[in-house]
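In: Using only what follows, build the 3D model:
(one chain, ligands or ions: 1)
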Amino acid sequence: MAIKTVSTTPFDDQKPGTSGLRKQVPSFQQPHYLENFIQSTFNSLEDYQGKTLVVGGDGRYYNRPAIQTILKMAAANGVGKAMVGQGGILSTPAASCLIRKYDAFGGIILSASHNPGGPEGDFGVKYNVSNGGPAPEKVTSAIFENTKTIREYKIAEATDVDLDRLGTVQIGEMTVEVVDSVADYAELMESLFDFGKIRTLLEGDFRMCMDSLHAVTGPYAKAIFEQALGAQPGTVTNGEPLEDFGGGHPDPNLVYAHDLVKTMFGSDAPDFGAASDGDGDRNMILGNNFFVNPSDSLALIAANAQLVPGYKAGLSGVARSMPTSQAVDRVAKALGMSCYETPTGWKFFGNLLDANKITICGEESFGTGSDHVREKDGLWAVLFWLNILAERQQSVEEIVVDHWQTYGRNFYSRHDYEGVDSAKANELMAGLRDQFSTLPGQALGDYTVDYADDFSYTDPIDGSISQNQGLRIGFTDGSRMVFRLSGTGTQGATLRLYLESYEPDAAKHLVDPQEALKPLILLADKTAKIKELTGRDAPTVIT
Ligand code: G16
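Out: Reported below is the predicted structural model:
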């Protein structure tokens with residue numbers, strides 16, 4: 001096999017964001033763009049020669065050509081074996097599962113997650129390390145540094161691999177194994193959950209709807225729910241992964257999962273509804289005419305973990321990202337376990353999971369997971385809920401309301417302002433920071449400011465420090481508002497405003513969160529001048 005060394009020049013925009021490098025497809029299609037990032041990744045790694053690399057993606061446009069390039073570059077850079085999902089398909093949690101199960105040194109996952117796909121849509125590349133989780137900041141920083149100075153990359157001169165055919169082929173010295181995308185992951189799920197009980201539930205009167213949004217979970221959901229667990233054919237909707245997600249936005253929230261929302265909020269709605277995102281790591285949980293806030297879902301999963309076989313032994317601790325509501329903190333306190341607060345980004349949970357400080361973790365951004373892999377896991381969360389429902393024999397709404405009665409309710413909402421002018425967004429954040437020295441102690445409306453700061457995190461395991469992780473204004477009654485600029489968007493800036501207040505009185509729990517949080521919403525606008533600076537009257541998405 002001939003190895004070609006190709007001269008190149010650096011691109012100045014290859015800094016990985018919250019979760020890898022995400023850009024619009026035409027950016028990735030520029031000559032050498034993908035190659036530079038992949039070579040920079042190999043240049044930043046040590047001791048991988050001769051070892052196994054997992055490769056796969058969410059099936060979006062450009063997935064297949066990118067995989068061919070990556071395989072040829074992996075061969076040229078001395079990788080021993082590449083494991084690729086059939087058709088180039090691997091959900092993010094399935095990739096994490098393979099890395100761990102087969103002791104790979106890492107994985108390259110191609111996805112822009114919940115961002116739209118297609119020729120004008122988004123594409124992304126992220127590198128996962130040997131624990132199966134997203135590369136920590138020291139690795140992503142090293143990759144970024146490399147992208148600034150790269151002068152050449154190596155690629156094998158070889159024919160394309162048939163990604164649809166299971167089995168092994170060679171690219172020079174490197175073996176390529178095309179593996180079943182679903183089997184290992186499905187086996188892992190079966191080891192964690194009571195499939196017998198869930199099957200009994202699904203074969204009875206219980207009605208479920210799983211919307212895969214034409215993204216990667218379709219084949220996984222069909223194999224697990226319809227084939228292994230006996231759910232009616234048709235339970236999984238939009239189950240064919242499409243390169244453009246059928247023109248949709250594969251983001252499981254109340255706005256973008258509109259078909260499911262219509263079904264679940266219609267008359268004669270099923271008992272349980274769920275959706276997952278582009279790469280299968282996010283989840284949304286719905287009951288009959290009922291939305292489960294992701295922060296509540298995390299708290300509830302932690303509180304009910306003893307009902308699920310894989311977690312019966314107890315949890316070592318829990319963690320949530322800083323903007324996620326503090327509902328899970330209350331569960332941790334009641335159960336006498338530690339609760340960690342990390343910056344936004346799944347990568348920050350990795351060390352805590354590896355050190356067995358936590359078993360379950362989650363984020364407000366529709367992500368929940370555990371120590372079974374090192375990514376958040378959409379179908380795992382759906383199975384967790386099914387297992388709880390099978391055990392408790394109550395409706396989704398009854399279970400959530402009961403949880404609030406026990407722990408009190410953390411009213412919570414996230415308001416997103418997407419595609420905002422970046423300069424204005426930065427001005428808004430700077431304007432907030434400028435007020436921080438004078439805010440503490442001040443009365444704002446009915447609230448008194450307790451603290452105002454820019455969240456900084458010191459990793460308890462390796463001591464690494466991550467600064468500027470979101471602006472927090474906390475009040476003396478425990479309410480909070482948090483302002484962050486998203487690290488996953490590709491156009492302009494996305495301002496995220498997170499709002500939270502606590503209500504212990506069960507008589508006041510059944511209120512719309514937008515109503516309950518109204519005073520905070522108005523205050524946030526006044527303090528940050530959101531309408532004035534974004535030029536928007538209302539958020540793009542309200543969760
Ligand atoms: C990624 C990260 C998550 C994060 C989310 C939103 O998820 O893995 O940890 O919460 O982005 O990040 P941001 O608020 O910066 O947009 P995914 O599903 O996009 O990989």
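In: and the stretch 1-150 of the chain, which residues reach the ligand?
Out: Within the stretch 1-150 of the chain, the positions adjacent to the ligand are 18, 19, 113, 114 by Cβ under 6 Å from any ligand atom. C-beta coordinates here come from the backbone N, C-alpha and C atoms, glycine included.
In: what helix or strand does residue 40 sit in?
Out: Per DSSP states H and E, residue 40 falls inside helix 33-44.
In: again, but for residue 531
Out: Going by DSSP H and E, residue 531 is in helix 530-534.
In: So which residues on the protein come close to the ligand?
Out: So the chain meets the ligand at 18-19, 113-114, 277, 281-282, 344-346, 363, 365, 367, 486-488, 496 (Cβ under 6 Å from any ligand atom).
In: do that again at 8 Å, thanks
Out: Taking Cβ under 8 Å from any ligand atom as the contact definition, the chain meets the ligand at 17-20, 92, 111-115, 126, 134, 277-279, 281-282, 321, 323, 344-348, 363-367, 375-376, 484-489, 494, 496.
In: do you know how far whichever residue of the stretch 101-250 of the chain sits closest to the ligand is from residue 238?
Out: Nearest to the ligand, among the residues of the stretch 101-250 of the chain, is residue 113, at 3.3 Å (Cβ to the nearest ligand atom). With distances taken as Cβ to Cβ, to the nearest Å, residue 113 is found 17 Å from residue 238.
In: can you list the residues of the stretch 1-150 of the chain next to the ligand in TSV and add pLDDT, secondary structure and neighbour count?
Out: Putting those into TSV (pLDDT from 0 to 100; DSSP: H, G, I helix; E, B strand; the rest coil; neighbours: other Cβ atoms under 10 Å) gives the following:
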residue	pLDDT	secondary structure	neighbour count
18	75	coil	19
19	81	coil	25
113	91	coil	26
114	90	coil	24
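In: circling back: which ones among the residues of the chain next to the ligand are found in helices?
Out: residue 92 (DSSP state H).
In: Where do the domain boundaries of the protein fall?
Out: Listed by automatic domain parsing, the domain ranges of the chain are 2-181, 185-407, 409-542.
In: What is the distance between the first one and the centre of its chain?
Out: Same thing as domain 2-181. 19 Å (Cα atoms, centre = their mean, to the nearest Å).
In: Kindly report the same for the second one.
Out: The chain centroid and the centroid of domain 185-407 are separated by 12 Å under Cα atoms, centre = their mean.
In: same check, this time on the shortest one
Out: In this view, domain 409-542 has its centroid 20 Å away from the chain centroid, taken as Cα atoms, centre = their mean.
In: For the helix or strand hosting residue 168, buried residues please.
Out: Element membership of residue 168, judged by DSSP H and E, is strand 167-171. Buried positions in strand 167-171, judged by neighbour count with 16 or more other Cβ atoms under 10 Å: residue 171.
In: Which SSE is immediately downstream of it?
Out: Following strand 167-171 in sequence, per DSSP H and E, is strand 174-179.
In: helix or strand right after that next one?
Out: helix 183-192.
In: I'd like the next helix or strand past that following helix.
Out: helix 195-203.
In: And the contacts of that next one?
Out: 208, 225, 228-231, 235, 383, 386-387, 389-391 (Cβ atoms under 8 Å, 6 or more residues apart in numbering).
In: Tell me which two of the residues you listed sit farthest apart.
Out: 235 and 391 (20.2 Å; Cβ to Cβ).
In: For the two, indicate the residue with more neighbours.
Out: residue 235 (20 against 16; other Cβ atoms under 10 Å).
In: Quick check: the more buried one touching residue 225?
Out: Yes. Counting by Cβ atoms under 8 Å, residue 235 does reach residue 225; the two are 5.5 Å apart.
In: what's the overlap in contacts for these two?
Out: 202, 208, 210.
In: circling back to that earlier point, which residues sit in contact with the residue of the stretch 101-250 of the chain closest to the ligand?
Out: 19, 22, 58, 92, 124, 277, 278, 279, 281, 282, 488.
In: repeat that for 10 Å
Out: 18-20, 22, 58, 60, 92, 122, 124, 126, 215, 250-251, 277-282, 365, 488 (Cβ atoms under 10 Å, 6 or more residues apart in numbering).
In: Before we move on, what's the pLDDT of residue 487?
Out: Looking at residue 487, its pLDDT stands at 79.
In: buried residues in the helix holding residue 40?
Out: 33, 34, 35, 36, 37, 38, 39, 40, 41, 42, 43, 44.
In: Quick check: the second one touching residue 63?
Out: No. Using Cβ atoms under 10 Å, residue 34 makes no contact with residue 63, being 11.6 Å away.
In: any residues in contact with both of the two?
Out: 110, 123.
In: Kindly export the helix or strand residue 98 falls within (C-alpha atoms) in CSV.
Out: Assigned by DSSP H and E, residue 98 falls within helix 92-101. Listed next in CSV are the C-alpha coordinates belonging to helix 92-101 (Å, rounded to 0.1, in the frame of the first residue of the first chain):
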residue,chain,number,x,y,z
THR,A,92,-22.7,7.9,19.9
PRO,A,93,-23.5,5.6,22.8
ALA,A,94,-23.0,2.5,20.7
ALA,A,95,-19.6,3.9,19.6
SER,A,96,-18.8,4.4,23.3
CYS,A,97,-19.9,0.9,24.0
LEU,A,98,-17.7,-0.6,21.3
ILE,A,99,-14.6,1.4,22.4
ARG,A,100,-15.0,0.0,25.9
LYS,A,101,-15.9,-3.5,25.0
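In: what angle sits between it and helix 183-192?
Out: Between helix 92-101 and helix 183-192, the angle comes out at 90 degrees (axes from the mean of the first three to the mean of the last three Cα atoms, to 10 degrees).
In: Let me know the average pLDDT across helix 92-101.
Out: On average, helix 92-101 scores 98.
In: can I get the CA coordinates of stretch 269-284 in PDB?
Out: This file holds the C-alpha atoms of stretch 269-284, laid out as PDB (Å, rounded to 0.1, in the frame of the first residue of the first chain):
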ATOM      1  CA  ALA A 269     -52.600   9.700  23.200                       C
ATOM      2  CA  PRO A 270     -50.400   6.700  24.000                       C
ATOM      3  CA  ASP A 271     -49.200   6.100  27.600                       C
ATOM      4  CA  PHE A 272     -45.600   6.800  26.800                       C
ATOM      5  CA  GLY A 273     -43.700   8.800  24.100                       C
ATOM      6  CA  ALA A 274     -40.000   9.300  23.500                       C
ATOM      7  CA  ALA A 275     -37.700  10.800  21.000                       C
ATOM      8  CA  SER A 276     -33.900  10.800  20.400                       C
ATOM      9  CA  ASP A 277     -31.600  13.100  18.500                       C
ATOM     10  CA  GLY A 278     -29.300  12.800  15.400                       C
ATOM     11  CA  ASP A 279     -26.700  10.700  17.000                       C
ATOM     12  CA  GLY A 280     -28.800   8.900  19.700                       C
ATOM     13  CA  ASP A 281     -27.400  10.400  22.800                       C
ATOM     14  CA  ARG A 282     -30.300  12.700  23.800                       C
ATOM     15  CA  ASN A 283     -33.800  11.800  24.900                       C
ATOM     16  CA  MET A 284     -37.200  13.400  25.500                       C
END
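In: Quick check: the gap between residue 208 and residue 93.
Out: 20 Å.
In: just the helices in the stretch 351-500 of the chain please.
Out: 378-392, 396-407, 422-435 (DSSP state H, counting those that start in this stretch).
In: Mean neighbour count, the ones you listed: which tops it?
Out: Looking across the helices of the stretch 351-500 of the chain with neighbours counted as mean count of other Cβ atoms under 10 Å, the highest average goes to helix 378-392: a mean of 24.
In: what about that helix, average pLDDT?
Out: 98.
In: hang on, the earlier thing: relative to helix 378-392, how tilted is the helix holding residue 98?
Out: 100 degrees.
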